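Visitor: coordinates only, no sequence provided:
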């Protein structure tokens, strides 16, 4: 039980006091005469009634006052807090113990609501974290696949590009910290060069993916090559091993009637495999020639790398 309204409000700042409704004019006169601080809250449309808040005085004195208890009307215990709006209405002749019990009930309700809201926020936070790569802060494969599915569904033209670090094992040979630093700085570089609406993600290992909105073949080639060049330059400026990246990309437009995420990703992966197989440090667009070359030599150099010379 709270001994005073001051203690109550310190225990839970959302409690704004004891709000008195009905016959408020008499209540206000009584409270003023007893030295209570009274603040008018709201005048009703007909001008006949006011709600008041009583603060900074001893609660039992107010509740035990016979003159006040004899007045018609009611006592409302109110809470004003973000996301919480609770009023407990009591008869004007209730005892101070009954009011204190009502206050405790309100506090318990608010505490439960706050706990529920905190748990909801925590669940949402973990759900969001599950969509991001811990090392780079970029969206992870799960998030990227969701974005790719949305791009496929909305019918707009876009470019799906995959980027893979050339000879990444040479960085890892200098230690895991160096390899991690390379991946983080690649993420920094790619974020810095993104256009509005574009999406970049780390989808596994040293492989990154981009979704570029509203691009044609020529502009996609320019964007992808500029990104590759900027990544290499950024790594050098960061004092990290001099590395290049290869890219494979696919233009998804009206010429591709079937927009299935797995098929599009497979096509871009084959373009990337051809880029790695040819000379690295280049970008290759998906074409029928790429499909033919990959079909003739299906081994993927990205997956079959066994030495620093193959990466």
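Guide: Received, thanks. These numbers were taken from a predicted model, which means no experiment stands behind them.

Visitor: isn't residue 145 right up against residue 261?
Guide: Yes. Between residue 145 and residue 261 there is a contact at 6.4 Å, judged by C-beta atoms under 8 Å. Where C-beta positions appear, they are placed from N, C-alpha and C, glycine not excepted.

Visitor: for burial, what's the neighbour tally of residue 270?
Guide: 22 (other C-beta atoms under 10 Å).

Visitor: in which helix or strand would I find it?
Guide: For residue 270, the host element (DSSP states H and E) is helix 261-278.

Visitor: what do you get for residue 203?
Guide: strand 199-204.

Visitor: buried residues in that strand?
Guide: Residues 199, 200, 201, 202, 203 are the ones in strand 199-204 that count as buried (16 or more other C-beta atoms under 10 Å).

Visitor: assign a three-state SS to residue 161, would you?
Guide: Classification of residue 161 using DSSP: H, G, I helix; E, B strand; the rest coil returns strand.

Visitor: now do the contacts for it.
Guide: By C-beta atoms under 8 Å, 6 or more residues apart in numbering, the contact set of residue 161 is 209-212, 220, 224, 227, 247-250, 268, 283.

Visitor: excluding sequence neighbours, find me the nearest residue to it.
Guide: Nearest residue to residue 161 in three dimensions, chain neighbours excluded: residue 249, at 3.8 Å (C-beta to C-beta, 6 or more residues apart in numbering).

Visitor: so that neighbour touches residue 283, yeah?
Guide: Yes. Between residue 249 and residue 283 there is a contact at 6.5 Å, judged by C-beta under 8 Å.

Visitor: looking at those two, which is more packed in?
Guide: Using other C-beta under 10 Å, the more surrounded residue of residue 249 and residue 283 is residue 249, with 28 against 23.

Visitor: okay, and that one sits in which element?
Guide: Taking DSSP H and E as the criterion, residue 249 maps to strand 245-252.

Visitor: partners of that strand in the sheet?
Guide: Strand pairing for strand 245-252, determined by DSSP bridges: strand 158-165 (antiparallel), strand 283-285 (parallel).

Visitor: would you map the strands across this protein?
Guide: Under the criterion DSSP state E, the chain contains strands at 15-21, 37-43, 50-55, 74-81, 84-91, 158-165, 199-204, 207-213, 245-252, 283-285.

Visitor: neighbours of residue 262, how many?
Guide: Residue 262 has 9 neighbours, counted by other C-beta under 10 Å.

Visitor: I misspoke; the intended subject was residue 154.
Guide: Neighbours around residue 154, by other C-beta under 10 Å: 10.

Visitor: same check, this time on residue 251
Guide: Residue 251 has 22 nearby residues by other C-beta under 10 Å.
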